[in-house]
Structure formats: C-alpha cells, structure tokens
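>>> Have a look; sequence and predicted model below, questions after that.
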Amino acid sequence: MSRPFRHPFQESQFDIFEWYPKYQACLRFFVDHTQYNGPVQTVAACVNIKLPFQQMAGSSAPSSPSSAPSRPPGDAYGSVALVPYVRRLVATGFDTPAVLHAFFGDDWPEGVGPIHETERRNYLFAAKSDTWLKVKANYDMADGQTIPFLRPLQGVTEKEIVNAEANWSDWLAMQDWMLGPLAPPGVSDSRGPRAQGD
C-alpha cells in the first residue's frame, strides 16, 4: 500500500484550491497598499528587508501608490513572494497577529497563516539543527538584507511544540532512510509492505 499524499502544510483539512485565492488577496493587498504605509515601512526597515517598490530598478522607486509606475496587469504580483517577509518576521519576533494583519490584510489567517505556521516550525528546526551564527546566516538575504538580530520564537504554544517534535522525529527517520516500508512503528502511520524477500 502506497503512502497517501501528505501536504507540506501538514494540515489534513488544508485545501490548496481554497487557500490560493486567499493567498492572492494577501499578495495584492501587500503589493498595492500596505508596502506604502508608514508602519509597514518602519517594521521592514527595522528588520532590514526591502519592500517590493524598493527592489524595483532605479533609484526613483515610488514611496506611494499614486506615484507608482504603470505596469502590465499581474506584473508586480508575479515578481513578489511573501515567504521571505514571513520568514523575516518570524525570525525577528515580529510575527504577531497585528503585524501580519498590517502587512497582509484581513485574509492573512487563511492566505498567509499556513505559511506562517510552517515557517515557525522551520525556525524551531533551524535552531535545533545548528549554531546561532549558522542560523543567522541562513536568514540573511542578498543585496545587503542581512538579518539584524534573531529572537527566540515568540508566543509558542504547546500544540506547536508537540507538532514540531512529531515532525522532527519524521525528519530524523528520513535521515536514516527509515521511510515507507522501513519506517518504525509509530513514526509513520502509513507503512507500506516490505518487498518480497526482505
């Protein structure tokens, strides 16, 4: 019996087709509106990450939507990924609901929430895997966007820790190739049968 597909966001009720329109709404809100707001610009400056308008070519990047250059429809959205912003907010402790709402709008729990949850778990894994200096280097970005500081994960819940422990065990099992038919009992709930002759 083959192992059933397990979505990267780890939630059994997660539907990628319901999620994507919410993600797009967050992306549009961020690109069209909040990147030009003073509070979002302040947080971005504090955590040293460039906003999309700051990454545009030339030094005459607009600071407000009214002065933004005209673009083909969808052009700005295709060149912007929200994951780097979520990663930077998590690693600096700015990933509070208020800040996430300020960056990504009302749809953030459904549109960016699954990414936020995964990035919090990734940050826990990074801290467990390596030294502070190497973790910091992994959160640095090109073009002078080095992370100015790291903070321990803020507002951690017991559920997050339990989920992270379970996923860490899965990771360790994979490092030892203990997957599928070789998975030990309790590590994977979908052990396949061993090949004949094993």
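That came through, no problem. Numbers count the residues shown, from 1 in each chain.
>>> for this structure, what helix or strand is lowest in average pLDDT?
Lowest mean confidence among the helices and strands of the chain (mean pLDDT, DSSP states H and E): helix 75-78, at a mean of 69.
>>> how about whatever helix or strand comes next after that helix: buried residues?
Downstream of helix 75-78, the first helix or strand assigned by DSSP states H and E is helix 83-92. For helix 83-92, burial by neighbour count (16 or more other CB atoms under 10 Å) applies to 85-92. No exception for glycine: its C-beta is placed from N, CA and C like everyone else's.
>>> before we move on, what about stretch 46-56?
Neighbour count says stretch 46-56 has 47-53, 56 buried, by 16+ other CB under 10 Å.
>>> How far does that stretch sit from its chain's centre?
A distance of 17 Å separates the centroid of the chain from that of stretch 46-56, by CA atoms, centre = their mean, to the nearest Å.
>>> Next, the distance between the ends of that stretch.
20 Å (CA to CA, to the nearest Å).
>>> what is the mean pLDDT for it?
For stretch 46-56, mean pLDDT is 94.
>>> ok, and what's touching the helix or strand harbouring residue 137?
In the assignment (DSSP H and E), residue 137 maps to helix 132-139. Taking CB atoms under 8 Å, 6 or more residues apart in numbering as the criterion, the residues outside helix 132-139 that touch it are 87-88, 91, 126-127, 129-130, 147, 150.
>>> ok, now with 6 Å
Contact partners of helix 132-139, identified using CB atoms under 6 Å, 6 or more residues apart in numbering, comprise 91, 126, 147, 150.
>>> so which pair among those is furthest apart in space?
126 and 147 (11.8 Å; CB to CB).
>>> Report the angle between the host helix or strand of residue 101 and helix 83-92.
Using DSSP H and E, residue 101 falls within helix 97-104. With axes from the mean of the first three to the mean of the last three CA atoms, to 10 degrees defining the directions, helix 97-104 sits at 160 degrees from helix 83-92.
>>> Can you point out the buried residues in helix 97-104?
99-104.
>>> where exactly do the helices run in this protein?
Secondary structure of the chain (DSSP state H): helices at 16-32, 38-46, 52-55, 75-78, 83-92, 97-104, 108-111, 113-129, 132-139, 158-175.
>>> For residue 181, find the nearest of the ones you listed.
Among the helices of the chain, helix 158-175 sits nearest to residue 181 (CB to CB), with 12.5 Å.
>>> Hey, what's the angle from the closest one to helix 113-129? Just curious.
60 degrees.
>>> Name the residues of helix 158-175 that come out as buried.
Quick answer for helix 158-175 (16+ other CB under 10 Å): 163-164, 167, 170, 173.
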